[in-house]
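Visitor: need coordinates for the following:
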Amino acid sequence: MIGTKSLYARTVVAILLFAFLIVSYLPAAADTTGSPDTALASWREQFVMQQASLQASVLAARATDPVLLRPQAGLTTQDIATQLSAHLGVDVQAYSKVPGWTSVRVPQGFTTDQVLQQINDSSLAEVASRHGRFYICEVPNDEYCVDKIPAINWDTFEWEDLGQYWLFDVNAPQAWDMQHGSPDTTIAIIDSGISIYHEDFRDFRDPENPFDNIWHNPGEIPNNDVDDDGNGFIDDYWGWDFVGSNIGSTDEMSDPDTYMPRDDEYPTAWDNNWWLGTDPWSSDPAIGNGEDDNGDWAPDAGVTHGTMVAGIAGAITNNRNDTAGFGGDIAGMSWNCKLMPVRVVNPEGWGWDEDAAAAIWYAADHGADVINMSFSFGLREVVPEATLIMMEEAIQHAVSQGCIVVGAVGNSGGSVGYLGGLDFPADMSETIAVGAVDWDGEHSSYSNWATGDDILDVVAPGDHILTVSLMDMYTWLVYESFFPGEFDLGEHLIDIAGAGTSFSTPIVSGFAGLLKARYPGMTYQQFREFIQQTAVDLNESTYPGYDIYLGYGRLDAYEAILYADENIPEPSTTALFLLGLAGLAGYRRLRRK
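Guide: Coordinates of the predicted model:
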C-alpha cells in the first residue's frame with residue numbers, strides 16, 4: 001500500500017482534528033421535539049439578533065477588513081481607486097476577481113467603516129459592504145467498503161470496525177449496478193484543495209498505466225508559465241488556487257497579483273518530497289505553516305478538509321491491485337467522475353466571499369457539471385449585502401450553465417441559542433440543501449434545520465464518515481507529541497472519520513455526478529425532484545412527509561435512479577431525425593467537458 005500506516009492514536013484525530021474541521025463545536029444537542037408547524041419566526045429573529053451582536057464584537061477586531069462594492073454604471077475598478085485616493089489623500093488599491101465587482105483594500109490609518117462612509121458619500125457604488133467570510137461546515141474490492149460503523153477501541157486507542165456504512169444507508173451498491181459515473185462528468189470541489197497524489201484518486205489495477213480521476217484543463221500545458229488557453233489563468237492545469245497569499249491570519253487579504261503560490265509545483269496538490277532541503281515550517285498550501293494565525297487554538301489543516309470531501313464524492317472505487325501491492329481502500333459515491341480542485345479555503349479553515357464567487361464562476365465556465373460547497377456564511381440575515389448579491393449571481397450563473405450546485409446547511413444545530421434556519425447559500429432556491437443524520441437515521445444534533453421559507457431538500461449520513469486524508473501540519477503536531485518520528489508530513493491516510501454537514505453534502509454531490517453521467521442534460525430542478533420524491537421518510541411515524549429537521553428524507557440513490565429512468569423521456573424518432581438533418585447541414589453540437 002502506498003504511503004499509508006496504521007495509526008495508534010486515531011481517537012486524538014477524531015476529537016481534535018475534526019473539532020477544527022466543522023463549522024461549530026457541538027456543545028448541546030438540538031431540541032428536535034415539537035411540531036414542524038410551530039411558528040419559529042420570532043425565535044429566529046431572536047437568534048439573528050444574538051448572532052448580530054456576537055458578530056459586532058468580532059467585527060470590532062476586524063476593523064480593517066477590505067470592502068466589496070458594485071461600481072456605479074460607467075465606473076471602472078481603476079476609477080474607484082483613483083477617486084478614493086483623491087478623497088482620502090492616500091494611495092488606495094482596488095482590484096476585481098469577480099465580474100462586475102470591485103474590492104478595495106483599506107489603506108493604513110483608516111478603518112473599513114471610514115472607507116465605506118467615503119464610498120457612500122461619493123456615490124461610487126450601487127451597493128457596498130465589508131467582505132464576508134465563509135467557514136467550512138466538515139460492493140467493490142475496496143477494503144473499507146463494508147457496512148460497518150467506525151468505532152473507537154478505548155483500550156487500544158484505535159479505530160475498529162472500519163467501514164463505510166453510509167454507502168449502504170443511501171443504497172449506493174444497488175445504484176452502482178446501474179451507473180458508475182463517467183470521466184465526461186466533472187464534480188468541482190470548491191474547498192481547501194485536494195491531495196491529488198492520494199492513492200484513492202488513482203487506479204492502479206494496471207500499474208503501467210495508472211488512471212486518475214483529477215480533472216485536467218484540456219487547453220492548458222502544465223508548468224510552462226503560459227496561459228495556453230487564454231482564460232486569464234496561467235498554468236491552471238489542475239484547477240485554480242484562489243487563496244493566494246492568505247494563509248489564515250485575521251488581517252490578511254488574498255493578493256490579486258499572486259493568486260497561485262509558487263513554492264509548490266501543484267498548489268492544490270500534495271508533493272511528498274516538498275520538505276526535502278527546505279524549512280519544514282514554511283507556509284505550504286498543502287499543510288499550512290504550523291501556526292495559529294487566526295487565534296482559534298489550532299494550527300493549520302491545509303488541504304485535509306477538501307481531500308476528505310473529494311474522497312466522499314468521488315474516490316476511485318474498485319481500484320485495488322493486491323498482487324502488485326497498489327490501490328486504495330475507500331469507495332467514493334461516484335466511481336469515475338472527474339474531481340476539479342478549486343481552492344478557496346485557507347489553511348485555517350475559512351475564506352473570503354470573492355474567492356468563493358470567483359471559484360463558482362471558474363468551475364461553471366470550465367465545464368463543471370456539479371459544484372460541491374461544504375461551507376457556509378451563516379444565516380442570511382448576518383451576511384453582508386454585497387456578499388449576498390455577488391454569491392447569488394455566481395450561483396445563478398452556474399445554474400444557467402447547467403450545473404447542479406449542492407450546499408451544506410450548516411452546523412449550528414447544537415449551538416446555544418440556535419432556533420432554526422439554513423445557512424447561506426444553502427438556503428437559495430437554486431442550491432440543493434443537504435443536512436445530516438447519524439447511522440441510526442436520527443437528526444444529527446449539529447445539523448441546521450429549516451424555518452420560514454427555507455427548504456431542506458434531503459439529508460445524508462454525516463457522522464463517522466470514513467474517507468481519505470493526509471498527515472497535515474495539525475495532525476502531525478498531535479502525533480509527533482505522542483509518537484515522535486512515527487509519521488511523516490504529507491503521509492497519505494485512509495482511515496480518518498469525520499462528522500458534519502461538510503461530509504453529508506458530498507454524498508449528494510457524488511450522486512449528482514452519478515446521475516449526470518447517466519443523463520447529461522438533467523437540470524437541477526429535475527435532480528431536486530428525483531431525490532425528493534424517492535427519499536426515505538425517516539420521520540414517517542411522527543411527521544409523515546416533509547419536515548423541517550430531515551427535509552424530504554434520507555437520500556436513496558437506487559430509487560432515485562429508477563425514478564429518473566421513468567421520468568426522463570427517451571429522445572423521439574422525430575427528434576433524432578431532426579438532429580441528423582442538423583448534422584448533415586454542417587452544424588456541430590459542442591459538448592461541455
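Visitor: what's the first-to-last distance across stretch 371-391?
Guide: Across its full length, stretch 371-391 reaches 14 Å end to end, with Cα to Cα, to the nearest Å as the criterion.
Visitor: I misspoke; the intended subject was stretch 536-550.
Guide: The stretch stretch 536-550 measures 10 Å between its terminal residues, going by Cα to Cα.
Visitor: do stretch 409-425 as well
Guide: Termini of stretch 409-425 sit 8 Å apart (Cα to Cα).
Visitor: in it, which residues are buried?
Guide: The neighbour-count check on stretch 409-425 (16 or more other Cβ atoms under 10 Å) flags 409-415, 418-425 as buried. C-beta here means a position set from N, CA and C on the backbone, and glycine is covered the same way.
Visitor: least confident pick among the residues you listed?
Guide: Checking pLDDT across the buried residues of stretch 409-425, the minimum falls on residue 414 at 73.
Visitor: pretty sure that residue is in a helix, no?
Guide: No - if the criterion is DSSP: H, G, I helix; E, B strand; the rest coil, then residue 414 is coil and not within a helix.
Visitor: my read is that it contacts residue 443, right?
Guide: No - here residue 414 lies out of contact with residue 443, judged by Cβ atoms under 8 Å, at a distance of 10.9 Å.
Visitor: in strands only, show me the buried residues of stretch 409-425.
Guide: Using DSSP state E to define strands, no part of the buried residues of stretch 409-425 is located there.
Visitor: quick check: the two most widely separated of the residues you listed?
Guide: Using Cβ to Cβ, the two most remote members of the buried residues of stretch 409-425 are 414 and 425, lying 21.6 Å apart.
Visitor: what stretches of the stretch 51-200 of the chain score poorly on pLDDT?
Guide: In the prediction, the stretch 51-200 of the chain carries residues with pLDDT under 70 at positions 51-61, 138-163, 166.
Visitor: distance of residue 460 from residue 505?
Guide: Using Cβ to Cβ, to the nearest Å, one obtains 8 Å as the distance from residue 460 to residue 505.
Visitor: hey, what's in contact with both of these two?
Guide: When contacts are counted by Cβ atoms under 8 Å, 6 or more residues apart in numbering, residue 460 and residue 505 are jointly contacted by residue 434.
Visitor: hmm, who's touching the host helix or strand of residue 135?
Guide: Residue 135 belongs to strand 133-136 when elements are defined using DSSP states H and E. Counting by Cβ under 8 Å, 6+ apart, the neighbours of strand 133-136 from elsewhere in the structure are 21-23, 191-192, 305, 345, 349-353, 356, 374-377, 502.
Visitor: buried among the residues you listed? Need that as a selection in PyMOL.
Guide: Of the contacts of strand 133-136, the buried ones can be selected in PyMOL as follows, counting by 16+ other Cβ under 10 Å:
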select buried, resi 21+22+23+191+192+305+345+349+350+351+352+353+356+374+375+376+377+502
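Visitor: sort out for me which of the contacts of strand 133-136 are in strands.
Guide: Secondary structure assignment by DSSP E places 191, 350-352, 375-376 of the contacts of strand 133-136 in strands.
Visitor: returning to what we had before: mind checking which of the buried residues of stretch 409-425 land in helices?
Guide: Judged by DSSP state H, the subset of these located in helices is empty.
Visitor: where does pLDDT dip in the stretch 251-400 of the chain?
Guide: When the per-residue scores of the stretch 251-400 of the chain are filtered using pLDDT under 70, the ranges that remain are 251-301, 318-329.
Visitor: how about the strands in it?
Guide: Residue ranges of the strands in the stretch 251-400 of the chain, as given by DSSP state E, counting those that start in this stretch, are 338-343, 350-352, 370-373, 375-376.
Visitor: please identify which of the ones you listed is closest to residue 519.
Guide: Each of the strands of the stretch 251-400 of the chain was checked against residue 519 via Cβ to Cβ, and the shortest separation belongs to strand 370-373, namely 12.6 Å.
Visitor: strand partners (parallel or antiparallel) of that closest one?
Guide: Here the strand partners of strand 370-373, with direction, are listed using DSSP bridges: strand 186-191 (parallel), strand 404-408 (parallel).
Visitor: dump the ones you listed to JSON lines, plus distance to residue 73.
Guide: Listed next are the strands paired with strand 370-373 as JSON lines, based on distance: least, Cβ to Cβ, whole Å:
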{"stretch": "strand 186-191", "distance to residue 73": "30"}
{"stretch": "strand 404-408", "distance to residue 73": "29"}
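Visitor: how about these, which one is nearest residue 82?
Guide: strand 186-191 (33.3 Å).
Visitor: that closest one vs strand 338-343, what angle?
Guide: In terms of direction (axes from the mean of the first three to the mean of the last three Cα atoms, to 10 degrees), strand 186-191 departs from strand 338-343 by 30 degrees.
Visitor: pretty sure residue 127 belongs to a strand, no?
Guide: Yes - for residue 127, which was evaluated using three-state DSSP, the result is membership in a strand.
Visitor: so it touches residue 388, yeah?
Guide: No - the pair residue 127 and residue 388 fails to qualify as a contact (Cβ under 8 Å) at a distance of 9.4 Å.
Visitor: who's more crowded, the two?
Guide: The neighbour comparison of residue 127 against residue 388 (other Cβ atoms under 10 Å) goes to residue 388, with 20 against 14.
Visitor: do I have it right that the more buried one meets residue 424?
Guide: Yes - shown here, residue 388 and residue 424 form a contact pair, counting by Cβ under 8 Å, at 6.9 Å.
Visitor: joint contacts of those two?
Guide: The contact sets of residue 388 and residue 424 overlap at residue 380 (Cβ under 8 Å, 6+ apart).
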